[in-house]
Structure formats: structure tokens, C-alpha cells
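**Student:** Next comes the sequence, and after it the predicted model I'd like to discuss.
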Amino acid sequence: MIERTILNQLRHWREKENRKPLVLRGARQVGKSTVVDMLGKEFDNYLKFNLDEDMDKEMLENPLPLDDLINSLFARRSTLKRPGETLIFIDEIQNSPKTISRLRYFKEERPDIHVIAAGSLLENVVDVQASFPVGRVEYIRMHPCCFKEFMGAMGHELWEYFILNPEQSQPMHLALMSLFNQYTIVGGMPEVVNMYAHERDVLALDDIYDSLLQGYRDDVEKYTRRGKLTEIVRFLIENCWLKAGEKVTLAQFEGSPYQSREVKEAFMLLEKAMLVELTFPTTATSVPGLPEMTRKPKLLTLDCGLTNYKAGVRKELIAAKDILDVWRGHMAEQVVGQELLALTNRISSKRLFWTKGKDVAEVDFLLNHDSMLIPIEVKNGHNSHLGSLHSFMEKAPHQIGVRIWSQPFSVNDVTTTIGKRPFRLINLPFYMIGNLPAIIDTYC
């Protein structure tokens, strides 16, 4: 079983004095139920309910006083309550607005009971006349497996030492890059990762990819209101993977007859389901770096493995010496964006890229770190070829830039090509993205 890093955050939530019921959000099949089951093994009492099941839904909607309800939950599960801590897990909670509303009372009346709720956000936001109690619950976002988790699933946990100690990573660079290339091909969906760890065969994963994609399509059929929106969302689920890592035009997206407003509404629905993200540019070089919503966004998808499978570029990736050479570099941007998003579990976290003027220069990503917008370029080549990053550093109030590439780790003190402003350039191999915040703190 994959050791998920979010488990430590759930343990931290468990120990908080002012703990609130926790809503665990994320796309379907990213492992929400599995990680809560792992946490549940650490409790004296663990009760799990799935509101896809009519009997479980009926139990949670019972209008009994909360203390009586908790006792009835133990009784219906034929479980004797042991002394100690209790965790109640309510899965697919979007199916019961009454249960959603009742979460507030766990905080107010029974703060000793640990409660986690989870469900597919696509279902939550469409035709559900309920909202989570504002201020009485907290949220954590769960992603597909990051590279660190993939590395552990492949049996290479000890290799993390070289990621945490960049200056000692040179002897392991080729092995780590090879493993990261495998991650780029396979992706981070837990069922896929588990199968690949067992079979070590990319072709053996096809049925799982198909099942995942069909599940997302089924969600559209079940939970969007009928009509044109359903049609457009279905079209996007089928075709959005082909544009991963690229700037897109919403009007007539991928040759469709749909207008910009219609496509944007459908993408917003898929964003709430956490299947895609429209990443907008900013012209700012300092926080807060507000996105400019009238400009072309960059499309990033849930998972690089699903993207590779649907876009049909796996053979190209397998044969490539450098993922920067594949699909005009867009796959490299997709997997970098995926790793950057996994740096945090905040619900509100969104990625940004930078542009100067009328798109005459563009930096692939910005990382908000310690109240600084750190520019990140995904590119090989000499320092002088990083023209957009140099343009950013001409105006930036700090002296830190990052280049993500396929070469070994290094740090260079350089000057911008025009204004000759000094800055420190961190050259980061792909496999170190998960340690980027610590590396910035160490070397800058």
C-alpha cells in the first residue's frame, strides 16, 4: 500500500485543540477513502459510512439528538464502543444535504468525536441544495500521488536521501531521472501506481485508465443538469487532455462550435471537480500576483498518466531521452505543474504563470514562497537562454530564480542580460520539485 504524505497532515488535524470536522476534497479515485481507512486503524473506534448506500444514508439522516445518534451508529454497526478516541468517516457525503448541515453540531456539541467527510466535488456543486457549515468545518485537498509517493511505491524510499541532500545527488542523478520519467508516463492515480509497482508494465494499466475516464464521464451524466452544459462538459472530458500544458483559447475549443462563455462555464465545473485547472497569467513580480482573467489561460489536468494515455504520447515518452523533448515540452510543464500543486493541500491553492506586456515574455510558473513570487522556468540550455526569466528578475524585488531541467542540481550566481542585476539561479532536476521550498530556504 502506498504511504501517502497527507496522512501526516491528518494526524496533525487529529491532535489540534480546536479541531473541527474535516472535509477531505479531491477528484474521484485519488485515494481519499483509503487514506482515511489508514488513519482509522490508529483510533480506538472507527466507524465508516458510505452515503451511496441507502441504509447508511438513512442512519445519518436520523433526526435523533446527536448523542443518541452516535450511540445508534455504534449499535447499527454492531460495534462495542471502546474507551478512547473515536473517528467517524462519512464518505460520499454530497448525497445527503441533511448530513452536510449536521456537521456543525459535531463541532458544537461533541468536539471529542473526530469526524471526516469526503465526496466528489463535481457532485457537491451541482443541484445540491446544501452548503458546508461556514466556519465550523475545515478543508484539506488531496492530490494524486506525487513523485515522492511514487518513489516509495516502487521500493526506492531510501533514494529520498539524495533529494533531501541535493549536493550529494550527482551519483544517483541518472537513476532518479529514469524513475521520474516512469512517473511522468504512469502518473499518480493510486490504483495505477499500485498496479505498475506490481506488474512493471505500462500496457497493463490501460484498463484502469479507461475505468477512471469512464467514471468521470458517468459523473457528468449523473450530476450535471441536462442540456447543453452536459454536452459541453462531456466534450471537454474527452478532449481536454490533448491540450495539457498549453495556453488555450476557450472559444471553439478544439474545433468545437461552443462559445467562450459556454466553454468557460463547463471548465469551471470541471475545476470544482478538480479534474482540470485553468491557470491564468499575471504581470506582477511581487505578491499577491493577481491573475489576469481576460488573458489566455494555460490548461493543466488532474494527472500526467491519464493525460499521456488519452493523448497517445506514451510511446514517445518511453523512447525519449528527455521529457522536455516530448510533445513540444508541454508534458514537462504538465508534470511540473502537478508536482507544484502537490506542495500544498490548501483548497484555495492555484497555479500562476507570468507574462510581460503582450506576451512578449513568459515564465512557466510562479511559486508564492515566503511572500515572494519565485519564477520557475521548465527548460534546458545555457543561463543566457532564459530570456523570460531574466525579464522577470529585472523587476523582481528579490534575487531568486528557478530553472527545472533534466540535468544535475546546481546553483549559479548570474546577472540579468540587460540591466545586469545579480540573482541566484537554482537549477533543479525534475525529481527535486517536491523539495523546492526547502531548497530555496537553504540556498538563498
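**Tutor:** Nice, thanks for sending it over.

**Student:** can we go C-alpha only for contacts and neighbour counts from here?
**Tutor:** Will do.

**Student:** Pull the longest helix seen in the chain out as CSV, backbone CA atoms only.
**Tutor:** Across the chain, the longest stretch assigned as helix under DSSP state H is helix 206-223. Extracted C-alpha coordinates of helix 206-223, given in CSV (Å, rounded to 0.1, in the frame of the first residue of the first chain):
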residue,chain,number,x,y,z
ASP,A,206,-4.9,0.6,-19.9
ASP,A,207,-8.0,-0.9,-18.3
ILE,A,208,-7.5,1.2,-15.2
TYR,A,209,-7.1,4.4,-17.2
ASP,A,210,-10.3,3.5,-19.2
SER,A,211,-12.2,2.8,-16.0
LEU,A,212,-11.1,6.1,-14.4
LEU,A,213,-12.1,8.1,-17.5
GLN,A,214,-15.4,6.3,-17.8
GLY,A,215,-16.1,7.2,-14.2
TYR,A,216,-15.6,10.9,-14.8
ARG,A,217,-17.9,10.7,-17.9
ASP,A,218,-20.5,8.9,-15.8
ASP,A,219,-20.4,11.7,-13.2
VAL,A,220,-21.3,14.1,-15.9
GLU,A,221,-24.3,12.0,-16.9
LYS,A,222,-25.4,11.7,-13.3
TYR,A,223,-24.9,15.1,-11.8
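
**Student:** Quick one: mean pLDDT over that helix.
**Tutor:** Average pLDDT, helix 206-223: 88.

**Student:** Go through that helix and flag the buried ones.
**Tutor:** 209, 212, 216, 217, 219, 220, 223 (16 or more other C-alpha atoms under 10 Å).

**Student:** Over to stretch 135-155?
**Tutor:** In terms of neighbour count (16+ other C-alpha under 10 Å), stretch 135-155 has its buried residues at 136-154.

**Student:** what number of residues lie near the closest residue to residue 98 other than its chain neighbours?
**Tutor:** Using C-alpha to C-alpha, 6 or more residues apart in numbering and skipping the chain neighbours, the partner closest in space to residue 98 is residue 61 (6.1 Å). When counting by other C-alpha atoms under 10 Å, one arrives at 15 neighbours for residue 61.

**Student:** Could you check how far residue 61 is from residue 255?
**Tutor:** 46 Å (C-alpha to C-alpha, to the nearest Å).

**Student:** Could you do residue 1 as well?
**Tutor:** Residue 1 sits 42 Å away from residue 255, taking C-alpha to C-alpha as the criterion.

**Student:** Which strand residues bridge residue 118?
**Tutor:** residue 24 (DSSP bridges).

**Student:** quick one: it and residue 23 touch, right?
**Tutor:** Yes - between residue 118 and residue 23 there is a contact under C-alpha atoms under 8 Å: 5.7 Å.

**Student:** Check the burial of residue 401 by counting its neighbours.
**Tutor:** Counted with other C-alpha under 10 Å, residue 401 comes out at 24.

**Student:** quick one: contacts for it?
**Tutor:** By C-alpha atoms under 8 Å, 6 or more residues apart in numbering, the contact set of residue 401 is 374, 375, 376, 389, 393, 423, 424, 425, 426.

**Student:** mind checking the SS state of the spatially most central residue of the chain?
**Tutor:** When C-alpha atoms, centre = their mean is applied to the chain, the residue found nearest the centroid is residue 143 (3.7 Å). Assigned with DSSP: H, G, I helix; E, B strand; the rest coil, residue 143 falls in the coil class.

**Student:** remind me which residues of this protein are low pLDDT?
**Tutor:** Residue ranges of the chain with pLDDT under 70: 121-132, 223, 225-226, 359, 382-384.

**Student:** go with 50
**Tutor:** Applying pLDDT under 50 to the chain flags residues 123, 125-128.

**Student:** you'd agree residue 19 is up against residue 10?
**Tutor:** No - under the criterion of C-alpha under 8 Å, residue 19 lies out of contact with residue 10, with a separation of 11.1 Å.

**Student:** still on that earlier bit, nearest to residue 320, of the buried residues of helix 206-223?
**Tutor:** In terms of C-alpha to C-alpha, no member of the buried residues of helix 206-223 lies closer to residue 320 than residue 209, at 22.0 Å.

**Student:** Nearest residue to that closest one in space, ignoring adjacent ones along the chain?
**Tutor:** Spatial nearest neighbour of residue 209, excluding adjacent residues (C-alpha to C-alpha, 6+ apart): residue 306 at 6.3 Å.

**Student:** Could you check how many residues crowd around that neighbour?
**Tutor:** Residue 306: 24 neighbours (other C-alpha under 10 Å).

**Student:** For it, which residues are in contact?
**Tutor:** Contacts of residue 306 by C-alpha under 8 Å, 6+ apart are 186, 187, 209, 241.

**Student:** Residue 7 too?
**Tutor:** Residue 7 neighbours (C-alpha under 8 Å, 6+ apart): 35, 39.

**Student:** Next secondary structure after the longest helix of the chain?
**Tutor:** Using DSSP states H and E, the helix or strand that directly follows helix 206-223 along the chain is helix 228-239.

**Student:** Which secondary structure elements does that following helix sit against?
**Tutor:** Here helix 228-239 touches helix 206-223, helix 260-272, going by 3 or more C-alpha pairs under 8 Å, 6 or more residues apart in numbering; DSSP states H and E.

**Student:** go again using 10 Å as the cut-off
**Tutor:** Packing partners of helix 228-239 (3 or more C-alpha pairs under 10 Å, 6 or more residues apart in numbering; DSSP states H and E): helix 206-223, helix 260-272, helix 304-311.

**Student:** What lies in contact with whatever helix or strand comes next after that helix?
**Tutor:** Next in sequence after helix 228-239, counting helices and strands by DSSP H and E, comes strand 246-247. For strand 246-247, the external contacting residues (C-alpha atoms under 10 Å, 6 or more residues apart in numbering) are 278-281, 295-300, 328-331, 333-334.

**Student:** hmm, try it at 7 Å
**Tutor:** With contact meaning C-alpha atoms under 7 Å, 6 or more residues apart in numbering, strand 246-247 is reached by 296, 297, 298, 299, 330.

**Student:** pretty sure residue 251 is touching residue 264, no?
**Tutor:** No - contact criterion C-alpha atoms under 7 Å: residue 251 and residue 264 do not qualify, at 8.7 Å.

**Student:** Could you pull up the contacting residues of residue 91?
**Tutor:** 49, 50, 51, 117, 118, 119.

**Student:** that's a strand at the first one, yeah?
**Tutor:** Yes - when three-state DSSP is applied, residue 49 is found to be in a strand.

**Student:** can I assume it is in contact with residue 59?
**Tutor:** No - counting by C-alpha under 7 Å, residue 49 sits too far from residue 59 to count as a contact (9.1 Å).
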